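A.B. asks: Task: produce atomic coordinates for the following.
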Amino acid sequence: MERFDGLTSSLKAIRTGTHMIRLKDIAERSGVSIMTVSKALRDAPDISEATKLRLRALASEMGYVPDSLAQGLRTRNSRLLGLVISTITNPVFARMMLAIEEKATAAGYELLLAHSLNEPEREAAALRRFIARRVEGILVAPVYRLNQSAGVYDEVQRCGIPTVILGHRTSFCSRFCGVETDDLQGSSIATRHLLALGHRRIAFLAGPATSPWARERLEGFHRALREADLEPDDRLVFSAGATIEEGEKAALQLLHETTGVTAVQAVNDFVAIGAAEVLKRQEIRIPEDMSMIGYGDILMSGHYRVPLTTIHQPKFRLGETAMDLMLQAIRGVRPESRRLPVSLVIRSSTELCRSEPGVLAVPV
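C.D. replies: Model (predicted):
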């Protein structure tokens, strides 16, 4: 076995062109035992602080990198967390992941990242891969589906791996804790903003029917209309998905099927920007002819050619909160799910309705 280990180390050194620094090397340089070096780097209580500081400084100077795989085998703790998101190109997840990684690193964990691309099969493969890697926790933005169950989530639960849902929980993942934004409240705030500007015929570009966050935003829209004594009109609700391209298609449908609409509320900023592009190509001015409001407050929304009024989601805070829940779960504390508030960001894409003079704006 020693011969095999030595051969492996030599091969690694040949590949990298460097000498791999071992505990033995640090011990020889410092004049202490290998056990003392090991304890100092593990922050063992029976080693003095002065010795720890001296040996850690020497290890850093020599370029020592701990073998996390070997440590995991010894301690049965991998210090790994698995993260599944739809895609890193989604700016909501990009900010969340940054916060998750920062807090994970500070707590001594490494992240393994997987993309589901919103495909249940890819999601299942990623979760099973994390189980095989013996991760200590899983953070997952679920792929929403019509089925009320998902076998891979049952497998994760049976393995006892602490799991945090990034987003709205639904039947197949409701047994795990999660962090989400209050999309019911947020969508109502957006609608009330348009109503306060005098808009009464408001089109809603709805998201995927399988997604609980999209259903909440539609319900928030309906709720605000009813609070204003306006009966929701299903003819003003258009299926738009979640992308710029889908927003463009929904806007074309809106233009062909409705008249008299003075404002558009979109399920997210991508859909809003796609719809705005179609309207502008039809020489419909935003906001002079049509007000437009999105949801999410992605970076693009503030830099679009007509800066987009939108609902701000605290993306970084969502990631921080998710890691707080994860660390509680790893410590054996059963965490409570969190629902974070959102806020309205008013920019140039909304203004007073010009087609109904005399309607006064009221505070939201």
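
A.B. asks: Show me what the helix or strand containing Thr105 is in contact with.
C.D. replies: Assessed by DSSP states H and E, Thr105 sits inside helix 91-106. Residues outside helix 91-106 that contact it (Cβ atoms under 8 Å, 6 or more residues apart in numbering): 81, 83, 85-88, 110-111, 113, 139, 141, 166, 296, 298-300, 313, 315-320, 322-324, 327. Every C-beta, even on glycine, is put in place using the N, C-alpha and C of the backbone.

A.B. asks: now, which of those lie within strands?
C.D. replies: 81, 83, 85, 110-111, 113, 139, 166 (DSSP state E).

A.B. asks: Buried ones among those residues?
C.D. replies: Those of the ones in strands among the contacts of helix 91-106 that meet the buried threshold are 81, 83, 85, 139, 166, by 16 or more other Cβ atoms under 10 Å.

A.B. asks: so how far is Ala126 from the first one?
C.D. replies: For Leu81, the distance to Ala126 (Cβ to Cβ, to the nearest Å) stands at 13 Å.

A.B. asks: One more: the third one?
C.D. replies: Ile85 sits 10 Å away from Ala126, taking Cβ to Cβ as the criterion.

A.B. asks: shared neighbours of the two, anything?
C.D. replies: 114-116.

A.B. asks: coming back round to it: just give me the closest of the ones in strands among the contacts of helix 91-106 to Met35.
C.D. replies: Comparing the ones in strands among the contacts of helix 91-106 against Met35 with Cβ to Cβ places Glu110 closest, at 26.0 Å.

A.B. asks: and the nearest residue to that closest one once chain neighbours are set aside, how many neighbours?
C.D. replies: Using Cβ to Cβ, 6 or more residues apart in numbering and skipping the chain neighbours, the partner closest in space to Glu110 is Leu80 (5.5 Å). By other Cβ atoms under 10 Å, 19 other residues sit near Leu80.

A.B. asks: Next one: Leu80, what pLDDT does it get?
C.D. replies: Note on Leu80: pLDDT of 96.

A.B. asks: ok, it - contacts?
C.D. replies: Neighbour list for Leu80: 72, 109-112, 133-136 [criterion: Cβ under 8 Å, 6+ apart].

A.B. asks: what do you get for Val164?
C.D. replies: So Val164 contacts 137-140, 176-179, 322, 325-326, 329, 335 (Cβ under 8 Å, 6+ apart).

A.B. asks: If we use 10 Å, what do you get?
C.D. replies: By Cβ atoms under 10 Å, 6 or more residues apart in numbering, Val164 lies in contact with 81, 83, 100, 137-140, 176-179, 321-329, 335, 337-338.

A.B. asks: Weed out the non-buried ones from those.
C.D. replies: Counted by 16+ other Cβ under 10 Å, the contacts of Val164 give 81, 83, 100, 137-140, 176-179, 321-323, 325-329, 335, 338 as buried.

A.B. asks: before we move on, the earlier item: so which of the contacts of Leu80 wins on neighbours?
C.D. replies: Highest count within these by other Cβ under 10 Å belongs to Val135, 24 neighbours.

A.B. asks: Show me what the nearest residue in space to Arg317 that is not next to it in sequence is bridged to.
C.D. replies: Using Cβ to Cβ, 6+ apart and skipping residues adjacent in sequence, the residue nearest Arg317 is Leu340, 6.3 Å away. Beta bridges link Leu340 to Thr181, judged by DSSP bridges.

A.B. asks: before we move on, the earlier item: buried residues in the helix holding Thr105, which are they?
C.D. replies: 91-97, 99-101, 103-104.

A.B. asks: returning to what we had before: any shared contact partners between Leu81 and Ala126?
C.D. replies: With Cβ under 10 Å, 6+ apart, Leu81 and Ala126 have common neighbours 112-113, 138.

A.B. asks: about what we covered before: quick one: which of the contacts of Val164 sit in helices?
C.D. replies: 100, 321-329 (DSSP state H).

A.B. asks: Reformat these as CSV; add distance to Gln253 and pLDDT.
C.D. replies: Compiled in CSV, the ones in helices among the contacts of Val164 are given as follows (distance: Cβ to Cβ, whole Å; pLDDT from 0 to 100):
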residue, distance to Gln253, pLDDT
Ile100, 38, 98
Thr321, 37, 98
Ala322, 36, 98
Met323, 41, 98
Asp324, 42, 98
Leu325, 40, 98
Met326, 42, 98
Leu327, 46, 97
Gln328, 46, 97
Ala329, 44, 96
